[in-house]
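[1] Quick one, fold the following:
(chains A, B and C)
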Amino acid sequence: MTLIFVTGGVRSGKSRFAERLVQERAGSSVTYLATAQAFDTEMEDRIARHRTDRPAEWHTIEEPLDVLSALQVAPTPAILLDCLSLWVSNLLLSGLDEAAILARAEAVLHAQALRGGLLIAVTNEVGSGIVPDNALARSYRDILGRVNQRFAAASAEAYLLASGLPLRLK
Amino acid sequence: MTLIFVTGGVRSGKSRFAERLVQERAGSSVTYLATAQAFDTEMEDRIARHRTDRPAEWHTIEEPLDVLSALQVAPTPAILLDCLSLWVSNLLLSGLDEAAILARAEAVLHAQALRGGLLIAVTNEVGSGIVPDNALARSYRDILGRVNQRFAAASAEAYLLASGLPLRLK
Amino acid sequence: MTLIFVTGGVRSGKSRFAERLVQERAGSSVTYLATAQAFDTEMEDRIARHRTDRPAEWHTIEEPLDVLSALQVAPTPAILLDCLSLWVSNLLLSGLDEAAILARAEAVLHAQALRGGLLIAVTNEVGSGIVPDNALARSYRDILGRVNQRFAAASAEAYLLASGLPLRLK
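    Modelled structure (predicted):
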């Protein structure tokens, strides 16, 4: 029933922090729910690098779009969802609009409130640079910002990572 | 006489936080000083969405450039200025250089120090991304950063918002 | 032996904060280790502006690449290194890859652990905007993020600046 929210910029140490946190709270009985999709070799390298960092005992579910179903079939109470930012990006690129994406986010939060387990949700800060020229990028910043706010509001604990160090938001 | 400074990335919940804060401190007797200008339908939508979120009793002044005069004619002691970042952008696009913009910021801070009321100033963090290719965007980051520093230094309270949650800076 | 880490977005007041901090801790006996290189007049202006802000008694070493040697020849125990972000950018543009840059960062941290003096290392947050189109920029965000994490982990104190105000990270 507990939701923990972890945000930060790229390469801020948020995934590693979340991995340590889930192990502290749930030991090695963890489902790693990955939303990343490898479209190119750069992304493949990034995913492979993350994978070798994780404990071998963890269960892994790779699900770029249907996080709700993945949550419902996860074999352990503790789930590490990494990350909301790629999930929202995948949904946006699959053609969903803001309302549909926010509805999916609400459905995941609702399902999580009904489950008994721990969910640690990792996400990205993408809104602290210059306004992008690209309309899709602006739309993505807006939608991800709203999804992040909803998850943060529903969380029991929230952290902002900077240079590998956590600031407690909540 | 009190200045409160609220900053954060885009869609970080800073406007909503500032709106709640001004209501806590001043009830419904609030002047909303909007610096946004609608150049296109995307901006019109954004402004309209923000407007419907605000209490109907509030006074609204729309002033993209002359914030000093707007401050002086505001009908209530409590003013919510949303936001410094669009104001600086409007001044820069109107042809003013850094020195002229900083002088205007100082004049607003001086006028605020002489007033009896509360001013909550909302602004944006725009300097935590990659250096933009565009010289105007680089200049904007620099000038807004300096204006933000001056307002933050003059403030009695300052907050950084992330995913809708406030971190107290001061 | 003490390392202090100072990060923040562009124009967040991090250099000024670090300058004040080094003076508080070490008086006027300070070596300013500058990694900036002036490629154009915009950068020259920026460097000149920073220089006039610093005390005249300080020693200055300008070294864009070989920070390790500069650290070893600095004439004072207290060193202000401004900044890691330009250093990493210079190394990347000189043709070094991620592994070579990380090895250099480790060598600096190792040399610092053996020295008796204070090192204040200033850096930039560049990973909180939209993913850049440019592959070199993405690579830079990744490498700088890792270097920042290593310095932050090795530090005795760490600060995140926003609008001129410090948040204590550690």
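[2] Have a look at chain A and report its longest helix.
    If you go by DSSP state H, chain A has its longest helix at helix A:135-154.
[3] if we look at that helix, which residues are touching it?
    A:3, A:5, A:7, A:84-85, A:88-89, A:92, A:98, A:101-102, A:105-106, A:109, A:112-113, A:121, A:123-124, A:126-127, A:131-132, A:158, A:169-170, B:9-13, B:42, B:163-165, C:130 (CB atoms under 8 Å, 6 or more residues apart in numbering or on different chains). Quick note: C-beta positions are derived from backbone N, CA and C, even for glycine.
[4] Equivalent analysis for stretch A:10-25, please.
    With CB under 8 Å, 6+ apart, stretch A:10-25 has contacts from A:4, A:6-8, A:30, A:50, A:53-55, A:78, A:80, A:82-83, A:118, A:120, A:122-125, A:159, A:161-166, C:127-128, C:131, C:141-142, C:144-146, C:148-149.
[5] try stretch A:38-56
    Counting by CB under 8 Å, 6+ apart, A:15-16, A:19, A:23, A:28, A:30, A:32, A:34, A:36-37, A:60, A:82, C:135, C:138 sit against stretch A:38-56.
[6] switch the cut-off to 10 Å
    Residues from elsewhere that reach stretch A:38-56, judged by CB atoms under 10 Å, 6 or more residues apart in numbering or on different chains: A:15-16, A:19, A:22-23, A:27-28, A:30, A:32, A:34, A:36-37, A:58, A:60, A:62, A:64, A:80, A:82, A:86, A:93, C:135, C:138-139, C:142.
[7] From these, list just the buried residues.
    For the contacts of stretch A:38-56, a burial check counting by 16 or more other CB atoms under 10 Å in any protein chain shown picks out A:15, A:19, A:22-23, A:30, A:32, A:34, A:36, A:58, A:64, A:80, A:82, A:86, C:138, C:142.
[8] tell me what the strand or helix carrying A:Val6 is packed against?
    Assigned by DSSP states H and E, A:Val6 belongs to strand A:3-8. When contacts are defined as 3 or more CB pairs under 10 Å, 6 or more residues apart in numbering or on different chains; DSSP states H and E, strand A:3-8 packs onto helix A:14-26, strand A:78-82, helix A:84-93, helix A:98-114, strand A:119-122, helix A:135-154, strand A:157-162, strand A:165-168.
[9] Give me the sheet partners of that strand and which way each runs.
    strand A:119-122 (parallel), strand A:157-162 (parallel) (DSSP bridges).
[10] what is the rounded mean pLDDT of the shortest one?
    Think strand A:119-122. Averaged across strand A:119-122, pLDDT comes to 98.
[11] buried sites along that strand?
    Buried residues in strand A:119-122 (16+ other CB under 10 Å): A:Leu119, A:Ile120, A:Ala121, A:Val122.
[12] tell me the mean pLDDT over the strand holding A:Val6?
    On average, strand A:3-8 scores 98.
[13] Next SSE downstream of the lowest-mean-pLDDT helix or strand in chain A?
    Of all the helices and strands that make up chain A, helix A:41-53 has the lowest average by mean pLDDT, DSSP states H and E, namely a mean of 77. Next helix or strand after helix A:41-53 toward the C-terminus (DSSP H and E): strand A:59-62.
[14] Which other helices and strands does the next helix-or-strand element following that following strand contact?
    Next helix or strand after strand A:59-62 toward the C-terminus (DSSP H and E): helix A:67-73. Secondary-structure packing of helix A:67-73 (3+ CB pairs under 10 Å, 6+ apart): strand A:30-34, strand A:59-62, strand A:78-82, helix A:84-93, helix A:98-114.
[15] Please render these as JSON lines that adds mean pLDDT and distance to C:Arg46 to the earlier fields.
    Shown next, in JSON lines, are the helices and strands packed on helix A:67-73 (pLDDT from 0 to 100; distance: least, CB to CB, whole Å):
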{"stretch": "strand A:30-34", "mean pLDDT": "96", "distance to C:Arg46": "42"}
{"stretch": "strand A:59-62", "mean pLDDT": "94", "distance to C:Arg46": "45"}
{"stretch": "strand A:78-82", "mean pLDDT": "97", "distance to C:Arg46": "38"}
{"stretch": "helix A:84-93", "mean pLDDT": "96", "distance to C:Arg46": "32"}
{"stretch": "helix A:98-114", "mean pLDDT": "97", "distance to C:Arg46": "39"}
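[16] Quickly compare these and say which is most buried.
    strand A:78-82 (a mean of 26; mean count of other CB atoms under 10 Å in any protein chain shown).
[17] returning to what we had before: now tabulate the helices and strands packed on helix A:67-73 in JSON lines and tack on distance to C:Ala153.
    What follows is the helices and strands packed on helix A:67-73, written out as JSON lines (distance: least, CB to CB, whole Å):
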{"stretch": "strand A:30-34", "distance to C:Ala153": "24"}
{"stretch": "strand A:59-62", "distance to C:Ala153": "27"}
{"stretch": "strand A:78-82", "distance to C:Ala153": "21"}
{"stretch": "helix A:84-93", "distance to C:Ala153": "24"}
{"stretch": "helix A:98-114", "distance to C:Ala153": "32"}
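[18] which residues sit in contact with the residue sitting furthest away from the middle of chain A?
    Centroid-distance maximum for chain A: A:Asp133 at 25.7 Å, with CA atoms, centre = their mean. Going by CB under 10 Å, 6+ apart, A:Asp133 touches B:Pro132, B:Asp133, B:Asn134, B:Ala137, C:Ile130, C:Asp133.
[19] Assign it to helix, strand or coil.
    With DSSP: H, G, I helix; E, B strand; the rest coil as the basis, A:Asp133 sits in coil.
[20] A:Leu71: which of the buried residues of strand A:119-122 is nearest?
    Closest approach between those and A:Leu71, by CB to CB: A:Leu119, at 7.5 Å.
[21] roughly how far apart are that closest one and chain C?
    24 Å (CB to the nearest CB, to the nearest Å).
[22] Isn't that residue up against A:Pro77?
    Yes. Using CB atoms under 10 Å, A:Leu119 makes contact with A:Pro77 at a distance of 9.4 Å.
[23] I'd guessed A:Leu84 sits against A:Leu109; true?
    No. If you go by CB under 10 Å, A:Leu84 and A:Leu109 don't touch, sitting 11.1 Å apart.
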